[in-house]
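Undergrad: Sequence first, then the predicted structure:
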Amino acid sequence: MKKKAFARKRQYRKMGKPFVTEYQAFDLFSTQAEYILAGLHTFYSMKRWGTSPNDILEKACARHGIRMDDAEHKEAMEAASAEACDEWDADLREMIYIFDQIANNFPDSPLFLWTSEESDKLDEQGVPHFRFIEKDAAGSVYESNLPETPDSVWEAEEAYQKRIQDGLHLYAEHFLALWD
């Protein structure tokens with residue numbers, strides 16, 4: 001089996017096409033997030049000669065009461081351009097955060113953090129995480145020993161997931177602006 005996969009990988013390489021293993025495809029969003037994260041890190045840290053995307057610059061110009069093609073107000077244009085570049089950098093940092101979260105299995109998830117903390121408490125007390133309830137025709141039934149998740153954790157998790165989705169939308173919105 002490995003021999004076939006290796007041969008297929010060589011064929012793809014000869015054709016100049018990327019190859020994705022079934023293992024990578026099984027968790028494709030995470031695999032792609034790692035690659036996107038590496039690209040965003042490089043893009044953010046490199047010397048970029050251009051400015052921000054036009055939509056960000058247009059909004060900054062509007063805040064200064066000028067248009068993008070306004071040559072008369074040089075100082076206002078420089079200030080708007082600097083603001084736009086700062087906003088672009090903040091957007092890039094947000095995208096980097098989002099893809100870091102996805103690539104690393106959502107380590108800042110409030111639900112994950114709460115569950116880990118409660119699991120650690122059970123471990124310290126020597127209490128198993130699950131307890132056997134019954135065995136029926138469908139199999140064994142277990143119940144969690146973790147306390148019920150507080151509403152505050154669910155609310156924080158909802159906000160966290162919204163931030164993830166907003167970051168993905170931000171990436172999609174600026175996908176074609178990732179060049180210099």
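TA: The structure has been received and is ready for your questions.
Undergrad: Next secondary structure element downstream of the lengthiest helix in the chain?
TA: With secondary structure taken from DSSP state H, the chain has its longest helix at helix 74-103. Remark: after helix 74-103, the chain's next helix or strand is helix 110-125, criterion DSSP states H and E.
Undergrad: Let me have that next one in PDB, keeping just the CA atoms, if that works.
TA: Backbone C-alpha positions of helix 110-125 (Å, rounded to 0.1, in the frame of the first residue of the first chain) are rendered in PDB as follows:
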ATOM      1  CA  PRO A 110     -13.100  28.300  26.700                       C
ATOM      2  CA  LEU A 111     -14.900  24.900  26.600                       C
ATOM      3  CA  PHE A 112     -11.600  23.000  26.100                       C
ATOM      4  CA  LEU A 113      -9.900  25.000  28.900                       C
ATOM      5  CA  TRP A 114     -12.800  24.500  31.300                       C
ATOM      6  CA  THR A 115     -13.000  20.800  30.500                       C
ATOM      7  CA  SER A 116      -9.200  20.400  30.900                       C
ATOM      8  CA  GLU A 117      -9.300  22.200  34.300                       C
ATOM      9  CA  GLU A 118     -12.200  20.100  35.600                       C
ATOM     10  CA  SER A 119     -10.500  16.900  34.300                       C
ATOM     11  CA  ASP A 120      -7.400  17.800  36.100                       C
ATOM     12  CA  LYS A 121      -9.400  18.200  39.300                       C
ATOM     13  CA  LEU A 122     -10.900  14.700  38.900                       C
ATOM     14  CA  ASP A 123      -7.400  13.300  38.300                       C
ATOM     15  CA  GLU A 124      -6.100  14.900  41.500                       C
ATOM     16  CA  GLN A 125      -9.000  13.300  43.400                       C
END
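Undergrad: Could I get the buried residue list for that helix?
TA: 110-111, 113-115, 118, 122 (16 or more other C-beta atoms under 10 Å). No exception for glycine: its C-beta is placed from N, CA and C like everyone else's.
Undergrad: One more: stretch 143-160?
TA: 153, 156-157, 160.
Undergrad: Likewise for stretch 54-70?
TA: 56-57, 60-61, 64, 66.
Undergrad: quick one: terminal-to-terminal distance for it?
TA: Start and end residues of stretch 54-70 are separated by 14 Å (C-alpha to C-alpha, to the nearest Å).
Undergrad: so how far is it from its chain's centroid?
TA: Centre-to-centre, stretch 54-70 and its host chain are 29 Å apart (C-alpha atoms, centre = their mean, to the nearest Å).
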